[in-house]
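Student: Model the structure of this input:
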Amino acid sequence: MRQVTQNYKTGEIKLTDVSPPSLRSGGVLVRTAFSVVSVGTEGMKVREGKMSMLDKARARPDQVKKVLASVQQQGLAATYRKVSNKLDSLTSLGYSASGVIEEVGREATEFCAGQRVACAGAGYANHAETNFVPRNLVVAVPDSVSLEHAAFTTLGAIAMHSVRQTASSLGESVCVIGLGLLGQLTVQLLKAAGCTVIGLDLNAARCDLALRLGADAAGLPDDPQTQTHVRRLTRGAGVDAAIIAAGSDSNKPVETAVELIRDRGRIVSLGKTKLDLPWKDFFERELDVRFSRSYGPGRYDPTYEERGIDYPIGYVRWTERRNMEAFLNLVATGHVQLDPIVSTIRDFSEAESVYDSLASGSSDSLGILLRYERVLEQRPAPAITAAQRSFPKKATLRVGVIGAGNYASSMLLPHLATDGRVRLTEVVTSSGLSSANAIRKFKFDRATTDLEGLLTAADIDAIVVATRHATHSSITARGLRSQKAVFVEKPLAIDVDGLTEVRRAIKESGNTRIQVGFNRRFAPLVRELRAHFNGPPAPLVINYRVHAGQIEKNSWYGDPLEGSRFVGEAGHFFDLMAFLTNARPKSVVAKRVAASTGDDLENLAVVVAYDDGSVGNLLYLTQGSAKVPKEWIEVFGGGKTAQLENFERLTLFSGTSRPKLKRRRMDKGQNQQMKEFVLAVSQGRPMPIDVQSLLDTTGLTLAADLSVRTDASVNINSMFGQA
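Tutor: Numbers count the residues shown, from 1 in each chain. The predicted structure is shown next:
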């Protein structure tokens, strides 16, 4: 395989043919998809490599001290041979990458082959076609995050740790000095934390970029307007903290921080910069100086990084790995934008020329990605993700609604009608009376019975499909092809043909802006339940009991032409399992329980196997007492347990500590799901539920139905021909 190497003696950067790394216990082999060239850290190493021996000594006084100590201990000749040998050896470059796992070593079984991951660590996440990476330096990549963006995870963790070192709280003001790659990430993380952010840089273009990424003010350090902005934004007090993200041989960055910071403020050094601290200012104002050591706790600790022994979360909340996971979550939710800071993507074969540009100082790039073609050609990605693309933001989201029955009028439209970002433009119903009611209650601009007109209307950005089940897939497919964002009530489809139609529409239109009304994952207590299992990934066992009760004899909900009641409703429960496990279903077996008779598909026991080893057990019952609460969920995994009763009462168990009980008014997440749908579409962000997960859940529901009818286990991927 090929790897980027540096000879520090000559400064030469080469693509070198080397043997692939071997798989060891406690880690994984990763085929690299993308790696980030760090303009700051690696650029410094490249420039140092080109220096004379004397200049190298001046640049690294810490290494000179080691050499002098070695001379005293081992003698001049032995030290010379030792230093010469080290300088003339090839060293690796790179420390932030993404890729696909090829093999999993013993004691790293939380991962699986084929999984998309982000990797960290000098000497591990190298610019190389294949890397061995220890488990604590690897994190899974959320489905909605591209591998291009995931490659920045290490740098994101570095920026995140610097933010944590400021100890800034909601509403505080922070100045970021230096708006290079780390500075731009830091600006966004501070904004996500609710801080007022001021950015400073000598490059005006980078100041403009920081403003676009959310900074409240940005400018040149010596610009008089800078002091004005600080006084205005801090009411004359000065900023609460300053992060020095600049690399400099000058003392100017720290002097600038002192000028802008308030009494007893905090200064965090993130970049490699001179720190000649003016004693009088620091003493009289009692300023606090802190350093940000790379990605966070665990860095430079071989027990953590090499042996894979984690720090207990109760003692160390944010480790390297947890910082990496948190950064990826912020990327997935749209709080951190990476496209604006990706300056260029170059093929791995061009790596030498990339480093030549860094060495000459001719590169003014922020984020440089190296792309590894072999991995991209071979990665077995779901076909749906290939067509994803970005969509424009909408200051006002113009919504058309199809169907305004009881559920839509009580559970969906009230939330949309009170959202200031939404304009209810048009409603389509099958009868004039229901249209009149919708206009009267929710103030639609217009009403019609013309579905085709709504789907092609130029003044409609998004549609809500709230019709009967049998029509969902066809309307959804047409809406996607019309380039509308689509919110469709469950189920997405009632048969394989309908699901295939939706899949084809997504692929051919490139429109992935779809959400199915799986509201339970948005419920407050469900979010708390999932957070309870944060930490090292571990398979879960989920017991989910649903007592749906009996429906009225003549209800359309029981009409076989609308799909079975189970097919109509089970997506809720399978989606919640997917949300908790964060894994894809592999196979399902479903059986009628004793209470079932004839063609009854309402009393079922369903077992789902997931690709991470998790198991979901669903009991779907209708024949019990009407007094029984509808839903009961129990989750086991990683030494923890949780019990959720009907979205009102959550009990959390951890180790031998006392259980925690949390109560809320029943909230199944309808309001929050609509808010997140509107936010995603109006801001051009990733959809709240990954499109592949929506298809998986619907496919699982249909596979369970098939399992009941054939009395056999069903492999979901083979049933639907998915990758």
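Student: Not counting its neighbours along the chain, what's nearest Phe636?
Tutor: Closest residue to Phe636 apart from its sequence neighbours, by Cβ to Cβ, 6 or more residues apart in numbering: Val541 at 4.6 Å. For glycine as for every other residue, the C-beta is placed from the backbone atoms N, C-alpha and C.
Student: The one you found is in contact with Val635, isn't it?
Tutor: Yes - at 7.3 Å, Val541 and Val635 qualify as touching, with contact defined as Cβ atoms under 8 Å.
Student: These two: which has the busier surroundings?
Tutor: Neighbours of Val541 and Val635, each counted by other Cβ atoms under 10 Å, are more numerous for Val635; the result is 25 against 15.
Student: Contacts for the helix or strand hosting the more buried one, please.
Tutor: Following DSSP states H and E, one finds Val635 within strand 631-637. Contacts with strand 631-637, where a contact means Cβ atoms under 8 Å, 6 or more residues apart in numbering, come from 529, 533, 538-547, 573, 576, 580, 614, 641-647.
Student: and if you look at stretch 424-432?
Tutor: Counting by Cβ under 8 Å, 6+ apart, the neighbours of stretch 424-432 from elsewhere in the structure are 398-404, 413, 416-417, 435, 438-439, 442-451, 454, 457, 459-460.
Student: Which of these fall in strands?
Tutor: Counting by DSSP state E, the contacts of stretch 424-432 place Arg398, Val399, Gly400, Val401, Ile402, Arg446, Ala447, Thr448 in strands.
Student: what about the closest residue to Gly178 other than its chain neighbours, is that helix, strand or coil?
Tutor: Among residues not flanking Gly178 along the chain, Ala246 sits closest, at 2.9 Å (Cβ to Cβ, 6+ apart). Under DSSP: H, G, I helix; E, B strand; the rest coil, Ala246 falls in the coil class.
Student: measure Ala246 to Ala704 for me?
Tutor: Summarising the geometry, the distance separating Ala246 from Ala704, computed by Cβ to Cβ, to the nearest Å, is 57 Å.
Student: Likewise for Glu259?
Tutor: When distances are taken as Cβ to Cβ, Glu259 and Ala704 turn out to be 65 Å apart.
Student: okay, these two: which has more neighbours?
Tutor: Neighbours of Glu259 and Ala704, each counted by other Cβ under 10 Å, are more numerous for Ala704; the result is 27 against 15.
Student: Could you verify that that one is part of a strand?
Tutor: No - Ala704 sits outside any strand when classified using three-state DSSP, being helix.
Student: need the contact list for it.
Tutor: Taking Cβ under 8 Å, 6+ apart as the test, what Ala704 contacts is Phe566, Ala570, Phe574, Val588, Ala590, Leu604, Val606, Val608, Val714.
Student: What sits closest to Ala204 if chain neighbours are left out?
Tutor: Leu220 (6.7 Å).
Student: burial count for that neighbour?
Tutor: 14.
Student: got it, and Val139?
Tutor: Based on other Cβ under 10 Å, the number of other residues close to Val139 is 26.
Student: repeat for Asn646
Tutor: The burial count assigned to Asn646 is 15, neighbours taken as other Cβ under 10 Å.
Student: Test my guess that it contacts Lys630.
Tutor: Yes - taking contact to mean Cβ under 8 Å, the distance of 6.0 Å between Asn646 and Lys630 places them in contact.
Student: tell me, what's touching these two both at once?
Tutor: Common contacts of Asn646 and Lys630 (Cβ under 8 Å, 6+ apart): none found.
Student: By mean pLDDT, which helix or strand of the protein comes out lowest?
Tutor: Counting by mean pLDDT, DSSP states H and E, the chain has its least confident helix or strand at helix 373-378, which shows a mean of 48.
Student: Make sure Leu652 is actually in contact with Asn534.
Tutor: No - with contacts counted by Cβ under 8 Å, Leu652 stays clear of Asn534, the gap being 11.9 Å.
Student: between those two, which one's more packed in?
Tutor: Leu652 (20 against 13).
Student: How far does the helix or strand that contains that one sit from its chain's centre?
Tutor: Here Leu652 sits within strand 649-654, counting by DSSP H and E. Its chain's C-alpha centre and that of strand 649-654 lie 26 Å apart, by Cα atoms, centre = their mean, to the nearest Å.
Student: next one: stretch 242-255
Tutor: When C-alpha coordinates are averaged (Cα atoms, centre = their mean), stretch 242-255 and its chain have centres 31 Å apart.
Student: first to last residue in that stretch, what's the distance?
Tutor: In terms of Cα to Cα, to the nearest Å, the two terminal residues of stretch 242-255 are separated by 11 Å.
Student: for stretch 295-303, same thing?
Tutor: Across stretch 295-303, the terminal residues are separated by 16 Å (Cα to Cα).
Student: for stretch 482-496, same thing?
Tutor: Stretch 482-496 has an end-to-end distance of 22 Å (criterion: Cα to Cα).
Student: Now do Phe653: how many residues are near it, please.
Tutor: Quick note: Phe653 (other Cβ under 10 Å) scores 17 neighbours.
Student: give me phi/psi at Arg24?
Tutor: Backbone torsions of Arg24, given as degrees, to the nearest 10, read phi -130, psi 160.
Student: quick one: contacts for the nearest residue to it once chain neighbours are set aside?
Tutor: Take Arg24 and drop its neighbours on the chain: the residue closest to it by Cβ to Cβ, 6+ apart is Gly105, 5.6 Å away. Under the criterion of Cβ under 8 Å, 6+ apart, the contact list for Gly105 reads Leu23, Arg24, Ser25, Gly26, Gly27, Val28, Leu29.
Student: what's the spacing between Gly105 and Ala125?
Tutor: Taking Cβ to Cβ as the criterion, Gly105 is separated from Ala125 by 16 Å.
Student: do the same with Ser682
Tutor: As for Ser682, its distance to Ala125 is 36 Å (criterion: Cβ to Cβ).
Student: the more surrounded of the two?
Tutor: Ala125 (28 against 20).
Student: from what I can see the residue nearest to Ala204 touches Gln227, true?
Tutor: No - here Leu220 lies out of contact with Gln227, judged by Cβ under 8 Å, at a distance of 11.6 Å.
Student: residues touching Ile475, list them.
Tutor: Taking Cβ under 8 Å, 6+ apart as the criterion, Ile475 is in contact with Ile402, Leu451, Leu455, Ile463, Val465, Thr467, Val488.
Student: From these, pick the one nearest Glu373.
Tutor: The nearest member of the contacts of Ile475 to Glu373, counting by Cβ to Cβ, is Val488 at 37.3 Å.
Student: Look up phi and psi at the closest one.
Tutor: phi -120, psi 130.
Student: Now do the contacts for it.
Tutor: Val464, Val465, His472, Ile475, Thr476, Ile514, Gln515, Val516, Gly517.
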